[in-house]
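Q: Sequence and predicted model, in that order:
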Amino acid sequence: MNAGAPNIGAAGGNNGANFDGAEGADEANSQAMQQRKAFEMALGMLAMRIVSDAQADLDSAMDDTEEDV
């Protein structure tokens, strides 16, 4: 298993799903719901990677600017 990958195995209970009462426990445990949560987690990790890379580029550009002064 990849580090940071969601654990969506059969853990019983509600598998850590948080639901607000609008959805039943069966819906929270469904494969589609687990896949949705895994996708959202992966999307969030990708967004953080993009932001981190952009911040590193900005820091590098700022360092170059300071050296020129």
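A: Yes, it's here.

Q: can we go C-alpha only for contacts and neighbour counts from here?
A: Will do.

Q: any idea how far L43 is from V51?
A: In this view, V51 and L43 are 12 Å apart by C-alpha to C-alpha, to the nearest Å.

Q: So which bits of the helix or strand harbouring A54 are buried?
A: Remark: A54 resides in helix 31-68, with elements defined by DSSP states H and E. Applying a neighbour-count criterion of 16 or more other C-alpha atoms under 10 Å, one finds Q34, A38 buried in helix 31-68.

Q: That helix - what's its average pLDDT?
A: With pLDDT averaged residue by residue, helix 31-68 scores 93.

Q: could you say what helices and strands that helix packs with?
A: Packing contacts for helix 31-68, counted by 3 or more C-alpha pairs under 8 Å, 6 or more residues apart in numbering; DSSP states H and E, involve no helix or strand.

Q: Now do the shared contacts for V51 and L43.
A: Common neighbours of V51 and L43 are not found (criterion: C-alpha atoms under 8 Å, 6 or more residues apart in numbering).

Q: From N29, how far out is S52?
A: As defined by C-alpha to C-alpha, S52 lies at a distance of 33 Å from N29.

Q: for K37, that is, sorry about that
A: Applying C-alpha to C-alpha, one obtains 11 Å for the distance of K37 from N29.

Q: again, but for T65
A: Taken as C-alpha to C-alpha, the span from T65 to N29 is 53 Å.

Q: what does A61 give?
A: Separation of A61 from N29 (C-alpha to C-alpha): 47 Å.

Q: go on, V51?
A: Going from V51 to N29 by C-alpha to C-alpha gives 32 Å.

Q: now A38
A: 13 Å.

Q: Find the residues that touch each one of these two.
A: A shared contact of A38 and N29, defined by C-alpha under 8 Å, 6+ apart, is any residue touching both; here there are none.
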